[in-house]
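Novice: for reference, the sequence and a predicted model appear below.
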Amino acid sequence: MSSDKVSQLPDKIQFTGRILFLTEDTSLIRQQLEAEGDEREKLEAKLAARLSKDDLPLMSNISTDEITPGWVCFYYDETLGQYVYVGVREAAVKKDEIKNGGFAVVVSGLSKGCGSSRETAPYAEKWAGIQLVIAKSIEKIYGQNSQNIGLLTSTDLGLVARIRDGEEIPLSEFTDGLDPISQSIVEHGGLFNYNKARLAGDVTPPPLDTKPRPMTITEKIIARHAFVRAGQVGVEAVKPGDALFAVADVRFSHEYVTPMAESLLKQALGPDARVSEPESVFAFRDHLTFLGKVMSPKHREMGLLERANGLATTQEDFTTKQGIKLYGENPEGGSEAICHNAVVEDLALPGQIVIGTDSHTCMAGVLGCFAFGVGSTDMANAWYAKDIRIRVPETVRYVLKGRKRSDVAAKDVMLVILASDYMKTSKGIGKVLEFAGDDLKNWAMDERATLTNMSVEAGGTTGIIEPDESTLDYIVKTRGLDADEVRRGFTYSDPDAEYAATFEIDLDEIRPMVALPGDPRNGIPIDELPGDVKIDAAYGGSCTGGKMADMDMYAEVLQNALEQGKRVAPGVHLYLQFGSQRIKQYARERGYIEIFERAGAELIDPSCGACINAGPGASPSAETVTVSAQNRNFPGRSGPGKLYLASPYVVAASAIAGKIVEPYEFLRAQNEELIEA
């Protein structure tokens with residue numbers, strides 16, 4: 001057997017612990033956790049029998065926010081195991097119940113691990129004693145993070161009966177269907193073990209032998225960045241399914257994740273480990289800047305505010321020692337920028353590969369680069385190896401036909417795409433969403449960025465838009481770079497490139513949308529809401545809803561409302577938060593801040609904030625109803641309340657109306673066009 005086939009895990013694995021079924025009926029979860037003695041075995045047998053008959057509704061779309069809520073992520077050691085699943089719906093799981101319950105296997109439905117790229121989620125499962133995650137489908141980043149840390153995953157529900165029968169399951173059943181690199185990582189028990197062997201020359205990724213072929217923009221970028229051997233980067237062609245390491249141009253992390261990645265780096269390479277080429281590495285203090293404004297007394301008593309602030313201190317020390325640029329706090333208040341806004345404004349360029357420890361790294365795809373989120377282990381490895389493992393993804397092409405109505409924003413378009421059967425049935429997992437269409441030329445770069453930003457809500461690897469003259473103009477004006485130099489990175493899909501699927505979206509038919517609480521894929525037209533949905537809060541901010549074009553939309557609605565003698569409705573709190581200091585200055589120069597304040601909005605300095613339940617705008621109670629321009633609304637994501645997703649137009653109009661409404665009434669200058677529509 002060759003060295004790259006030698007397994008550090010046994011050839012066969014026997015799972016001797018209990019099996020936890022995460023079911024739609026949370027009372028069944030409670031029964032499993034509370035059962036004792038013979039009742040445990042009887043209940044497990046009963047649920048396993050129902051599963052075999054396809055008569056056990058399993059909980060789907062379990063987000064990483066539910067596996068490890070934001071506050072749990074202030075830990076990055078074995079403590080995580082105490083809190084796994086404490087964010088699951090209806091508070092079905094309590095502290096230590098999984099860790100003390102003797103569970104080895106957990107079973108759930110579609111889209112396990114959707115949402116944030118936080119590697120704390122699979123780490124918490126592993127440190128709670130879970131050895132195997134079985135789900136009907138598994139999200140891309142969560143699945144890769146699990147491989148990286150040695151947590152086994154499978155989509156074969158039939159394993160449950162075999163495990164209960166005491167059968168030893170061949171390791172090969174957990175590597176079947178994986179690319180050769182992922183297979184070897186699983187066999188080695190994780191990415192660090194694999195990379196140690198790779199860098200020592202004991203393991204060699206299989207050579208790429210794909211013949212020249214028509215390629216998508218993403219495939220071309222990957223091919224140009226493919227690591228062949230020391231001193232040689234780039235291959236003629238790649239195809240979906242090819243496994244390789246590719247050299248990253250931009251690597252970034254934020255304070256939630258930097259300390260954990262640093263810890264992993266030092267565990268693998270020793271206390272003096274150095275980051276390679278630190279000039280292409282960046283760090284951000286942007287996620288927890290305003291945490292102290294909203295943290296509950298209970299969490300304060302647990303010492304979590306000090307722990308959270310300690311993450312920022314650890315990150316600052318790390319960046320200073322390593323010579324890494326840190327986007328920190330701003331003297332005027334808040335952060336310099338949310339990482340995704342800054343990457344688009346300052347760092348990424350067309351044709352590059354950009355990786356970041358956040359699922360919304362894909363926002364940078366608006367510039368025509370291949371940008372995607374990774375976990376702590378991937379980043380720690382990329383810090384010293386500079387490359388990142390990639391399985392070339394398939395691409396789904398969305399062609400936007402016609403022209404969107406003046407009361408419709410990019411957010412509405414994405415909510416339509418996310419609500420499609422293709423996305424709801426997990427077919428988008430791991431795919432690249434490539435957007436095209438004549439009307440895109442008329443869209444502001446910020447509106448295009450909403451499409452790429454929210455591609456991950458479909459489970460996609462990333463979103464991407466081919467660069468054009470607007471892209472060039474944006475970069476040159478924003479950064480003062482040489483136009484010819486920027487244009488050299490422009491990459492385009494071949495006309496005969498192959499796609500996993502192609503969809504045409506008729507923009508003329510799209511109306512203002514809203515995603516019902518629980519999942520961004522719950523989108524419906526607002527006029528199909530069952531009655532009035534009265535709101536307590538409206539939030540306009542986050543990397544998705546705090547851009548310059550978003551400020552334009554808030555201002556337009558609020559200015560028209562003021563002209564009608566209206567302000568934010570009594571009992572409603574409107575929060576408007578800037579994505580960066582540059583965006584705040586943009587709003588100031590255009591007189592928007594005066595409009596916002598006259599209308600009754602509370603303005604918040606740049607930071608992630610409410611989107612991750614870490615700043616003003618997060619819901620304080622389960623009864624709170626919020627309409628938000630952020631990108632996701634998984635249970636508990638932004639507090640315990642009910643969160644609806646909508647466009648900036650809808651958020652501002654709803655704040656005035658006191659309920660979720662279409663923005664028609666407050667876009668009077670465009671009413672004639674809307675009436676015709």
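Specialist: Received, thanks. Numbers count the residues shown, from 1 in each chain.
Novice: show the contacting residues for residue 624.
Specialist: Contacts of residue 624 were listed using Cβ atoms under 8 Å, 6 or more residues apart in numbering, and they are 536, 537, 639, 640, 641, 642. Where C-beta positions appear, they are placed from N, C-alpha and C, glycine not excepted.
Novice: now, which of those sits nearest residue 48?
Specialist: residue 640 (32.6 Å; Cβ to Cβ).
Novice: host element of the closest residue to the closest one other than its chain neighbours?
Specialist: By the measure of Cβ to Cβ, 6 or more residues apart in numbering, the closest residue to residue 640 outside its immediate chain neighbours is residue 622, 4.4 Å from it. Element membership for residue 622, per DSSP states H and E: none, as it lies in no helix or strand.
Novice: and residue 622, how many neighbours?
Specialist: Summarising burial for residue 622: neighbours were counted as other Cβ atoms under 10 Å, giving 10.
Novice: which residues touch it?
Specialist: Contact partners of residue 622, counting by Cβ under 8 Å, 6+ apart, are 640, 641, 642.
Novice: burial of the second one, as a residue count?
Specialist: Using other Cβ under 10 Å, residue 641 is surrounded by 18 other residues.
Novice: which of the contacts of residue 624 fall within strands?
Specialist: Members of the contacts of residue 624 lying in strands (criterion: DSSP state E): 537, 642.
Novice: which one of the contacts of residue 624 sits in the busiest neighbourhood?
Specialist: In the contacts of residue 624, the most neighbours by other Cβ under 10 Å go to residue 537, 28 neighbours.
Novice: how close does residue 577 sit to residue 646?
Specialist: 16 Å (Cβ to Cβ, to the nearest Å).
Novice: swap in residue 265?
Specialist: For residue 265, the distance to residue 646 - Cβ to Cβ - is 41 Å.
Novice: neighbour count winner among the two?
Specialist: Taking neighbours as other Cβ under 10 Å, residue 265 and residue 646 compare with residue 646 leading, 31 against 24.
Novice: report the contact partners of the more buried one.
Specialist: When contacts are counted by Cβ under 8 Å, 6+ apart, residue 646 touches 411, 512, 513, 514, 515, 526, 627, 628, 629, 654, 660.
Novice: ditto for residue 352
Specialist: Shown in contact with residue 352 (Cβ under 8 Å, 6+ apart): 221, 249, 250, 369, 370, 489.
Novice: give me the subset of these lying in strands.
Specialist: Residues of the contacts of residue 352 located in strands (DSSP E): 250, 370.
Novice: let's see if you can find the most crowded of the contacts of residue 352.
Specialist: residue 370 (31 neighbours).
Novice: isn't that one up against residue 355?
Specialist: No. Between residue 370 and residue 355 there is no contact under Cβ atoms under 8 Å: 9.3 Å.
Novice: hey, where'd the helices end up in the stretch 551-677 of the chain?
Specialist: With helices called from DSSP state H, counting those that start in this stretch, the stretch 551-677 of the chain shows them at 581-589, 592-599, 648-657, 671-676.
Novice: just tell me which of these ends up closest to residue 67.
Specialist: Of all these, helix 648-657 sits nearest to residue 67, with 28.4 Å by Cβ to Cβ.
Novice: tell me which other helices or strands that closest one touches.
Specialist: strand 537-540, helix 548-563, strand 625-628 (3 or more Cβ pairs under 8 Å, 6 or more residues apart in numbering; DSSP states H and E).
Novice: mean confidence score for it?
Specialist: Average pLDDT, helix 648-657: 98.
Novice: same thing with stretch 153-162?
Specialist: Stretch 153-162 comes out with an average pLDDT of 98.
Novice: next one: stretch 664-674
Specialist: Per-residue pLDDT over stretch 664-674 has a mean of 66.
Novice: lowest-confidence helix or strand of the protein?
Specialist: Ranked by mean pLDDT, DSSP states H and E, the weakest helix or strand in the chain is helix 671-676, scoring a mean of 53.
Novice: list the buried residues of stretch 261-269.
Specialist: For stretch 261-269, burial by neighbour count (16 or more other Cβ atoms under 10 Å) applies to 261, 262, 263, 264, 265, 268.
Novice: can I get that stretch in PDB, CA atoms only?
Specialist: Extracted in PDB, the C-alpha atoms of stretch 261-269 (Å, rounded to 0.1, in the frame of the first residue of the first chain):
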ATOM      1  CA  ALA A 261      -7.000  29.400  14.000                       C
ATOM      2  CA  GLU A 262      -3.900  30.700  15.800                       C
ATOM      3  CA  SER A 263      -4.200  28.000  18.500                       C
ATOM      4  CA  LEU A 264      -4.500  25.300  15.800                       C
ATOM      5  CA  LEU A 265      -1.500  26.800  14.000                       C
ATOM      6  CA  LYS A 266       0.700  26.600  17.100                       C
ATOM      7  CA  GLN A 267      -0.600  23.100  18.000                       C
ATOM      8  CA  ALA A 268       0.600  21.900  14.600                       C
ATOM      9  CA  LEU A 269       3.800  23.800  14.200                       C
END
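Novice: what's that stretch in contact with?
Specialist: With Cβ under 8 Å, 6+ apart, stretch 261-269 has contacts from 76-77, 192, 195-196, 253, 273, 275, 314, 318, 357, 376-377, 379-380, 383-384.
Novice: which of those residues count as buried?
Specialist: Among the contacts of stretch 261-269, those classed as buried by 16+ other Cβ under 10 Å are 76, 192, 195, 253, 273, 275, 314, 318, 357, 376-377, 379-380, 383.
Novice: for the nearest residue to residue 162 once chain neighbours are set aside, what are its contacts?
Specialist: Among residues not flanking residue 162 along the chain, residue 169 sits closest, at 6.5 Å (Cβ to Cβ, 6+ apart). For residue 169, the contact set (Cβ under 8 Å, 6+ apart) comprises 12, 13, 14, 15, 159, 162, 163.
Novice: let's go with 10 Å and repeat that
Specialist: Applying Cβ atoms under 10 Å, 6 or more residues apart in numbering, we find residue 169 in contact with 12, 13, 14, 15, 132, 152, 154, 156, 159, 162, 163.
Novice: tabulate those in TSV, adding columns for distance to residue 362, secondary structure and neighbour count.
Specialist: Output for the contacts of residue 169, formatted as TSV (distance: Cβ to Cβ, whole Å; DSSP: H, G, I helix; E, B strand; the rest coil; neighbours: other Cβ atoms under 10 Å):
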residue	distance to residue 362	secondary structure	neighbour count
12	38	strand	12
13	34	strand	16
14	39	coil	12
15	35	coil	21
132	29	strand	22
152	27	strand	23
154	26	strand	18
156	29	coil	13
159	32	helix	20
162	37	helix	14
163	36	helix	23
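Novice: could I get the residues you listed as CSV with distance to residue 290?
Specialist: Formatted as CSV, the contacts of residue 169 follow (distance: Cβ to Cβ, whole Å):
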residue, distance to residue 290
12, 50
13, 45
14, 48
15, 43
132, 39
152, 38
154, 40
156, 44
159, 44
162, 49
163, 45
